[in-house]
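> Any chance you can model this:
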Amino acid sequence: MIAIKNEHDLESMRQACKITAAARALAGDMVRPGVSTKAIDKAVRDFIVSQGAKPSFLNYGGFPASTCISINATVIHGIPDGYILKEGDIVSIDVGAYYKGFHGDCAATYACGEISAEAQKLIDVTKQSFYEGIRFATQKHRVSDISHAIQTYVESNGFSVVRSFVGHGVGRQLHEEPEVPNFGRPGHGPRLLKGMTLAIEPMVNAGVYDVRVLKDGWTTVTADGKLSAHYENTVLITDGEPEILTVTEGL
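As a prediction, this is how the structure comes out:
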């Protein structure tokens with residue numbers, strides 16, 4: 001069942017999302033050569049707690065950290081450790097915060113120092129594909145209209161969208177119905193209704209869309225070892241244009 005949020009729900013959820021977005025921004029500002037992924041994770045955890053919230057990811061399904069930090073060919077669910085960022089890395093950071101009964105969820109991929117032109121294009125296309133998708137995040141559309149727009153834009157730029165993992169509803173639970181794939185034919189899936197909150201998150205590979213999960217059960221990498229990027233925001237369906245909730249204004 002798809003949860004529809006009322007104004008009371010959204011008051012708490014907007015704050016959860018602002019905290020989440022600020023945590024993403026903090027993490028992104030720390031991406032530079034010589035910084036460890038563990039240091040970024042600690043900074044994010046400390047910030048979220050300082051705001052009276054809890055890290056959504058910590059111990060979720062057994063995940064051992066507050067952030068997912070995925071480097072280069074790691075698509076999603078990278079576990080922060082002692083890895084030291086180096087010049088040329090691309091760094092995908094996914095964060096969530098739980099505040100007064102609601103979750104926010106967002107992600108972005110950052111350049112570590114100077115990166116290749118292909119890597120920069122991958123980051124740019126991934127981010128823009130999100131915005132291509134939310135053009136269809138209105139009440140007159142269905143979920144797969146978002147999916148189709150993302151896929152079309154990504155593939156027109158020579159990249160591929162991951163199919164094994166998808167976006168999702170978000171609210172009282174970190175993962176709610178409906179699933180929001182980044183591929184598919186238009187005109188399918190649930191009709192979008194005012195009060196739905198969706199985590200729309202293109203995961204885009206430079207090569208094939210196939211991925212594999214490593215032995216730790218979390219870390220997901222591209223099957224061909226090529227780069228991957230990730231971009232995500234929590235989005236509210238309204239009676240007009242969609243509202244991106246994971247913004248930092250007013251925190």
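
> Could you look up the SS state of A43?
helix (DSSP: H, G, I helix; E, B strand; the rest coil).

> Could you measure from R14 over to A97?
Per CB to CB, to the nearest Å, R14 is found 12 Å from A97. C-beta here means a position set from N, CA and C on the backbone, and glycine is covered the same way.

> Give me the more crowded residue out of the two.
Neighbours were counted for R14 and for A97 using other CB atoms under 10 Å; A97 has more, 32 against 20.

> what are the bridge partners for the more buried one, then?
P55, G104 (DSSP bridges).

> hang on, it packs against T20?
Yes: with contacts counted by CB atoms under 8 Å, A97 reaches T20, the gap being 4.3 Å.

> tell me, what's touching those two both at once?
Counting by CB atoms under 8 Å, 6 or more residues apart in numbering, the contacts common to A97 and T20 are I48, S56, H103, G104.

> got the contact list for the second one?
The one in question is S56. S56 makes contacts with T20, V95, G96, A97, Y98, H103, G104, D105, L174, as judged by CB under 8 Å, 6+ apart.

> N205 now?
With contact taken as CB under 8 Å, 6+ apart, N205 is in contact with V75, F159, S160, V161, V162, V211, T222, K226, L227, S228.

> so can I have CSV of those showing secondary structure?
Formatted as CSV, these follow (three-state DSSP):
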residue, secondary structure
V75, strand
F159, coil
S160, strand
V161, strand
V162, coil
V211, strand
T222, strand
K226, coil
L227, coil
S228, strand
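
> now stretch 154-170: mean pLDDT?
The average of the pLDDT scores along stretch 154-170 is 98.

> list the buried ones in that stretch?
Residues of stretch 154-170 classed as buried: V154, F159, S160, V161, V162, F165, V166, G167, H168, G169, V170 (neighbour count, 16 or more other CB atoms under 10 Å).

> CA atoms only: put that stretch into PDB for me.
Extracted in PDB, the C-alpha atoms of stretch 154-170 (Å, rounded to 0.1, in the frame of the first residue of the first chain):
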ATOM      1  CA  VAL A 154      20.900   8.300 -19.900                       C
ATOM      2  CA  GLU A 155      21.000   6.000 -23.000                       C
ATOM      3  CA  SER A 156      21.000   8.900 -25.400                       C
ATOM      4  CA  ASN A 157      24.300   9.900 -23.700                       C
ATOM      5  CA  GLY A 158      25.900   6.500 -24.200                       C
ATOM      6  CA  PHE A 159      25.500   5.200 -20.600                       C
ATOM      7  CA  SER A 160      23.300   2.600 -19.000                       C
ATOM      8  CA  VAL A 161      20.900   2.500 -16.100                       C
ATOM      9  CA  VAL A 162      21.200  -0.100 -13.400                       C
ATOM     10  CA  ARG A 163      18.300  -2.500 -13.400                       C
ATOM     11  CA  SER A 164      18.900  -4.600 -10.300                       C
ATOM     12  CA  PHE A 165      18.300  -1.700  -7.900                       C
ATOM     13  CA  VAL A 166      15.600   0.900  -8.100                       C
ATOM     14  CA  GLY A 167      14.200   4.000  -6.300                       C
ATOM     15  CA  HIS A 168      11.300   3.700  -3.900                       C
ATOM     16  CA  GLY A 169       8.700   5.400  -1.700                       C
ATOM     17  CA  VAL A 170      10.100   6.900   1.500                       C
END
